[in-house]
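1. This is a predicted model, with the sequence first.
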Number of protein chains: 2
Amino acid sequence: MEVHKVVAPPHRSTAAKLKTRLKETFFPDDPLRQFKGQPNRTKLIRAAQYIFPILQWCPEYSFRLLKSDVVSGLTIASLAIPQGISYAKLANLPPIVGLYSSFVPPLVYAVLGSSRDLAVGPVSIASLILGSMLRQQVSPVDNPLLFLQLAFSSTFFAGLFQASLGILRLGFIIDFLSKATLIGFMAGAAIIVSLQQLKALLGITHFTKQMGVVPVLSSVFHHTNEWSWQTIVMGVCFLLFLLATRHLSMKKPKLFWVSAGAPLLSVIVSTLLVFVFRADRHGISVIGKLQEGLNPPSWNMLQFHGSHLGLVAKTGLITGIVSLTVKFLNLSFISYALDCLLSLREGIAVGRTFAALKNYHVDGNKEMIAIGLMNVVGSATSCYVTTGAFSRSAVNNNAGCKTAVSNIVMSVTVMVTLLFLMPLFEYTPNVVLGAIIVTAVIGLIDLPAARHIWRIDKFDFLVMLCAFFGVIFLSVQQGLAIAVGLSLFKLLMQVTRPKTVIMGNIPGTDIYRNLHHYKEARRIPGVLVLSIESAVNFANSNYLTERTSRWIEDSEEEEAQEKHSSLQFLILEMSAVSGVDTNGVSFFKELKKTTAKKNIELVFVNPLSEVMEKLQRADEEEEFMRPEFLFLTVAEAVASLSLKGPSLNNV
Amino acid sequence: MEVHKVVAPPHRSTAAKLKTRLKETFFPDDPLRQFKGQPNRTKLIRAAQYIFPILQWCPEYSFRLLKSDVVSGLTIASLAIPQGISYAKLANLPPIVGLYSSFVPPLVYAVLGSSRDLAVGPVSIASLILGSMLRQQVSPVDNPLLFLQLAFSSTFFAGLFQASLGILRLGFIIDFLSKATLIGFMAGAAIIVSLQQLKALLGITHFTKQMGVVPVLSSVFHHTNEWSWQTIVMGVCFLLFLLATRHLSMKKPKLFWVSAGAPLLSVIVSTLLVFVFRADRHGISVIGKLQEGLNPPSWNMLQFHGSHLGLVAKTGLITGIVSLTVKFLNLSFISYALDCLLSLREGIAVGRTFAALKNYHVDGNKEMIAIGLMNVVGSATSCYVTTGAFSRSAVNNNAGCKTAVSNIVMSVTVMVTLLFLMPLFEYTPNVVLGAIIVTAVIGLIDLPAARHIWRIDKFDFLVMLCAFFGVIFLSVQQGLAIAVGLSLFKLLMQVTRPKTVIMGNIPGTDIYRNLHHYKEARRIPGVLVLSIESAVNFANSNYLTERTSRWIEDSEEEEAQEKHSSLQFLILEMSAVSGVDTNGVSFFKELKKTTAKKNIELVFVNPLSEVMEKLQRADEEEEFMRPEFLFLTVAEAVASLSLKGPSLNNV
């Protein structure tokens, strides 16, 4: 058998290696690629287009596209108006702030954002977190102005934080929220949010300020005397109507407009009912008088000092991260989860998946900057935290949106509402807003995805349960923290306990594979072939020392008992060792010494460039990286060694 | 070319898999192996021997062994007595507590510990941390009794924590302190400790209570009027003497007894000098009257409630972890670091390395239980935190110790000292204790190891510097926290940004290797061979999506430009993908869809058992784990595909 030399990798300077490493870490998508080798003018245009994606499609915009965008823009506006009012109430903010937040941010996003399908506005989970975190220190009832100031300040910090993540190319931080964490977290949040709606749905006036399942339910059943049958009847009717339309749209995606229009229709019908029957005088609570006019400036309300700064920064950080995740969940999530989440069986995939379908590219870090700036601008114009809304984006796509103009259309519709239609909401009953929220969040409880996770990975399922029960029994932040902590713990455990696999020869070939997977594989007498399936570093070098010494001992015993020979060679298959640090280098040097003491020859197969370089640099006395102990494949190593070792001759 | 079928791994139940996983995680050394298939009586004996390792060697103990042990025991006692007194002062405790701590713990360890070379007693770093952490809340000068109570309580918690780690088989937690962290941390601690000795060495009475470099130096130079020339002269003389003996023993390891005996000799000579010249009346401060007698019980001094409980538990946790690390540093460290650390060029290796030399096995978790129980017992008998002392263990081995009897001999010597010799220390000058500490800790500054780390891994060097500067400019805990944080950050970064390698065929063979490492490797037209070098999980699935799509795009461009063909196959070499979670499974499903959209066939090569199982379970529609897209080697995949794809015929 011809033996191929293992060559040293081509030399590269430390600076060059650092550059590659930094590029792979922070610019995996290589955003500057499009500028390479272009004339200066093209570069300038592309740079402008990169910063303002609107310039990409604006020049080619046509009437045909406009028609589609107007239809989809009106459709999402009909969803955005009732949802905006409802979500603002969820965050303990005046309903009108929800509409403000559906006016300015979509305009900003239309200029800066690269996704053409994303419908921007307030979302339920961020509203819930913002409201519940701020309420820990300030009461929205006793001190509404301060609460509003804190909400805007938190929005500012959320935006600042999001934009910084994008600018510093640290967008991967949100990757640490795994799919399992998110599914558990969102289901928990949906339940918390729905329970909060019992206040509106049952017409209770004295409702607990806590969020947990236990205090809310006990509050509900301690105030049965406050239950109002008129409210309950109205709530049940509209809830059933909304759920029915949702169900219909899920079954027949082409009827998406049914569920998209239902909330607005419910608002109109219920408002009319209340107005006609003056039901507000018969126990049905209504929104009441709303201010007219566009967003007032709010930059003078931002608080950058004082006793609440810590709370505000923390709230901004958490809502910022969570709303990014919710957005990127849309953008990059795989269609399976999407299918499950909305149970829209075909044609639906949001954001980056849309992008792939429509052949344009969404840059994650760039998007974070856009979302961040949108929130910073929003915080100065009376908006609270906004992001890409999941359900509305799906509707937007289904309604045939072509560009970000649909966001502009939505924004204009909201503007018209703010300017002229606000008095119409005076008699809108709170119970209908509650029903709208429940219908919107119920889709976040994703049982098929949970079942899927159970089938594939039991530990992920555990993480999901922790997030779920943490959110509903402890608090939103604690549930999230526990789930993220568990996920990181699992990652670290995998790093700490890498796999070592004992390999055997598949008869009649040069192939060596895991003995426990390929039953026909056979061990070569006198040789132990081990494959280490991970980088070797400080976190696992002690474990690997223990584990390899056990493999060696077991193997020695086996050789002595069964084959009446002795172990002569330890072949380490290094293809999967993606890196080493100083502890890792020490592990290999130590292993060389241990095996030498036992008269076992240590042989390396196919170490990767980085590993090879480091081992060679550490190998001052040239003891173990000599060419005769380095091979390109296990088969070549065994063939060469069998020429040397006497007991191998029978191979 | 014959193609081998990729078989599904043999079926194993979830319970069986969980059992294997737990065993690999918590029992990598398989401690129960020795019991397998043995008669009950042997099992019983072995179990007793496992719990009390003293039973292993006791029956075979002989007069010959005793002689060696007595010599080494007396040698380490001569080191332990002055160091014990000095280290107790470093922890702001009465000097006698240092001797108490060299009496009871060695006896406990002799019964329970499995290392035969470890010399047990107080160590400098744990003393420093204990003293500095407790001093943050309680002054040892104003409230010595409370301080002592807190020290014993911290010792109790340290022991409890250590024993729990061992019992729960969580010993690997200390692996997260990497070699680089430890070297930086110990060098920083050595400087902090040495600077504290300036008080004694210069004879300053008003010394700062802070530990940082800046406050200590400013305190030293603000009190130049307090400098006492008599103290300085004495200090410099003894320091030079001690350093000279240390240097001699480093050069000639056989003269280990010179440096081992020098501290005691210094104490005796300096005490005599002070006594004869009554130098204590001329500005040289002395220890003063010491209590006689053995350890008084102290269990009634342990505090399990009250305002200091948090401090005590935290101090116990940190000193517990650090002293375990210091000990296991001894036990498992590679001889290179040992060589550097003590610069004893031959014959020296501590703990587990000793164990390997002398053919006995040290069980890390078992050792933690022993050390933990030793501290719990110690806390009830007026001892503070003890562990395996590095320098004394090395001396112990050099002096030829054979079993734990050397610890017993040391303990008895300390007992005799406590009972009869305490009055002799009345005139021992503090300056000599300072000189002893400086000489002991100076060996912790390990420049060759730092240079070694710089050569092998620049990031590890950065971690080392952070630990070092963190300790000397911020605080011991903060320095440690920063370094551990950075190390974990690096681990997570590696997990988040796994390598993907593009592979080519080495001409004339079936071997496929990294194109950038093996320059002769050639790409196959129409085929992209990618190797993913890590488990695919939630932390990296987004990155991998971006990265593979860039590989595919680049490859498509290249194909179109150079070869006027198109990319037809994406071959994923999965040998190094050691695991997947639900996000990972989604990544592969999504990749299948993306490639299908581009008319590229996705082919898997050699997925490992776990990965294959999970992919199959997720593959309900049997779209991508079909046998025709699964191969055992890249070469077989290429050979099979070339029969199908038209543009591959020229291969």
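-> That came through, no problem. Here the structure is a predicted model, which means the values were calculated and not measured.

2. Strands of the stretch 51-200 of chain A, residue ranges please.
-> Remark: strands assigned in the stretch 51-200 of chain A by DSSP state E, counting those that start in this stretch are A:119-121.

3. let me redo that: the stretch 451-600 of chain A
-> A:500-505, A:512-514, A:527-532, A:569-573.

4. Output those in JSON lines, with mean neighbour count appended to each entry.
-> Glycine gets a C-beta too; all of them are placed from N, C-alpha and C. What follows is those, written out as JSON lines (neighbours: other Cβ atoms under 10 Å in any protein chain shown):
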{"stretch": "strand A:500-505", "mean neighbour count": "21"}
{"stretch": "strand A:512-514", "mean neighbour count": "23"}
{"stretch": "strand A:527-532", "mean neighbour count": "24"}
{"stretch": "strand A:569-573", "mean neighbour count": "23"}
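
5. which one of those lies closest to chain B?
-> strand A:512-514 (6.8 Å; Cβ to the nearest Cβ).

6. Outline the domain layout of chain A.
-> A:63-492, A:497-648 (automatic domain parsing).

7. average pLDDT across the longest one?
-> Read that as domain A:63-492. Here domain A:63-492 scores 82 as its mean pLDDT.

8. Let me have the domains of chain A in JSON lines, adding distance to B:P263 as columns.
-> Formatted as JSON lines, these follow (distance: least, Cβ to Cβ, whole Å):
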{"stretch": "domain A:63-492", "distance to B:P263": "42"}
{"stretch": "domain A:497-648", "distance to B:P263": "31"}
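
9. Which phi and psi values does A:I524 adopt?
-> phi -90, psi 130 (degrees, to the nearest 10).

10. these two touch, right, it and A:I506?
-> No: counting by Cβ atoms under 8 Å, A:I524 does not reach A:I506; the two are 11.8 Å apart.

11. Could you measure from the closest residue to A:S270 other than its chain neighbours over to chain B?
-> Nearest non-adjacent residue to A:S270, counting by Cβ to Cβ, 6 or more residues apart in numbering or on different chains: A:V432, 4.3 Å away. A:V432 is 37 Å from chain B, where distance means Cβ to the nearest Cβ, to the nearest Å.

12. related to what we said a few turns ago, now tabulate the strands of the stretch 451-600 of chain A in a markdown table and tack on distance to A:L309 and mean pLDDT.
-> A markdown table is the format used below for the strands of the stretch 451-600 of chain A (distance: least, Cβ to Cβ, whole Å; pLDDT from 0 to 100):
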| stretch | distance to A:L309 | mean pLDDT |
| --- | --- | --- |
| strand A:500-505 | 51 | 90 |
| strand A:512-514 | 56 | 89 |
| strand A:527-532 | 49 | 92 |
| strand A:569-573 | 55 | 91 |
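
13. want to throw those into JSON lines with distance to B:S298?
-> Shown next, in JSON lines, are the strands of the stretch 451-600 of chain A (distance: least, Cβ to Cβ, whole Å):
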{"stretch": "strand A:500-505", "distance to B:S298": "47"}
{"stretch": "strand A:512-514", "distance to B:S298": "56"}
{"stretch": "strand A:527-532", "distance to B:S298": "48"}
{"stretch": "strand A:569-573", "distance to B:S298": "51"}
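
14. mind listing the helices for the stretch 501-650 of chain A?
-> Assigned by DSSP state H, counting those that start in this stretch, the helices in the stretch 501-650 of chain A fall at A:541-558, A:582-597, A:609-618, A:634-644.

15. tell me which element A:G37 is part of?
-> Assigned by DSSP states H and E, A:G37 belongs to neither a helix nor a strand.

16. Is A:S127 in contact with A:Y87, as I believe?
-> Yes: the pair A:S127 / A:Y87 is scored as a contact, 4.3 Å apart, by Cβ under 8 Å.

17. Which one's more surrounded, those two?
-> A:Y87 (35 against 30; other Cβ atoms under 10 Å in any protein chain shown).

18. Return the distance of the closest residue to A:S566 other than its chain neighbours relative to A:I524.
-> Leaving aside its chain neighbours, A:S566 sits nearest to A:E559 (5.7 Å; criterion: Cβ to Cβ, 6+ apart). A:E559 sits 11 Å away from A:I524, going by Cβ to Cβ, to the nearest Å.

19. And A:S124, by the same measure?
-> For A:S124, the distance to A:I524 - Cβ to Cβ - is 62 Å.

20. Just give me the neighbour total for A:T509.
-> By other Cβ under 10 Å, neighbour count at A:T509 equals 16.

21. Look up phi and psi at it.
-> Residue torsions, per degrees, to the nearest 10, at A:T509 are phi -130, psi 180.

22. For it, which non-adjacent residue is spatially closest?
-> B:H4 (6.7 Å).

23. How about the contacts made by A:L608?
-> A:L608 is in contact with A:574-575, A:577-579, B:499, B:501, B:514, B:517, B:533, counting by Cβ atoms under 8 Å, 6 or more residues apart in numbering or on different chains.

24. And A:I76, by the same measure?
-> Applying Cβ under 8 Å, 6+ apart to A:I76 gives the contacts A:119, A:260, A:392, A:395-396, A:399, A:406, A:410.

25. what about the longest helix in chain A?
-> When chain A is parsed with DSSP state H, its longest helix is helix A:63-90.

26. Pull out the buried residues from that one.
-> A:65-66, A:68-70, A:72-90 (16 or more other Cβ atoms under 10 Å in any protein chain shown).

27. Same question for stretch A:250-258.
-> By neighbour count on 16+ other Cβ under 10 Å, the buried set for stretch A:250-258 is A:250, A:253, A:256-258.

28. Could you pull up the residues touching the residue nearest to the spatial centre of chain A?
-> Nearest to the geometric centre of chain A sits A:T325, at 4.2 Å (Cα atoms, centre = their mean). Residues in contact with A:T325 (Cβ under 8 Å, 6+ apart) are A:174, A:177, A:182.

29. same thing with A:Q477?
-> A:Q477 sits in contact with A:129, A:133, A:318, where contact means Cβ under 8 Å, 6+ apart.

30. What of A:M574?
-> So A:M574 contacts A:532, A:604-608, A:611 (Cβ under 8 Å, 6+ apart).

31. Backbone dihedrals for it, please?
-> Residue torsions, per degrees, to the nearest 10, at A:M574 are phi -110, psi 10.

32. separation between it and B:Y427?
-> In terms of Cβ to Cβ, A:M574 sits 63 Å off from B:Y427.

33. can you check A:I318 too?
-> 63 Å.

34. Over to A:E628?
-> Distance from A:E628 to B:Y427, by Cβ to Cβ: 66 Å.

35. And A:L567, by the same measure?
-> 63 Å.

36. Look at the two and report which has more neighbours.
-> In terms of neighbours (other Cβ under 10 Å), A:L567 is the more surrounded of A:L567 and B:Y427; the figures are 24 against 20.

37. picking that back up, could you look over the helices of the stretch 501-650 of chain A and pick the most buried one?
-> Stretch with highest mean neighbour count among the helices of the stretch 501-650 of chain A: helix A:582-597 (a mean of 22; mean count of other Cβ atoms under 10 Å in any protein chain shown).

38. wait, the residue nearest to A:S566 sits on A:R523?
-> No: taking contacts as Cβ under 8 Å, A:E559 lies outside contact range of A:R523: 9.2 Å.

39. residues from the stretch 351-500 of chain A in reach of chain B?
-> A:356, A:364, A:452-453, A:455-460, A:487-488, A:490-499 (Cβ under 8 Å from any Cβ of the partner chain).
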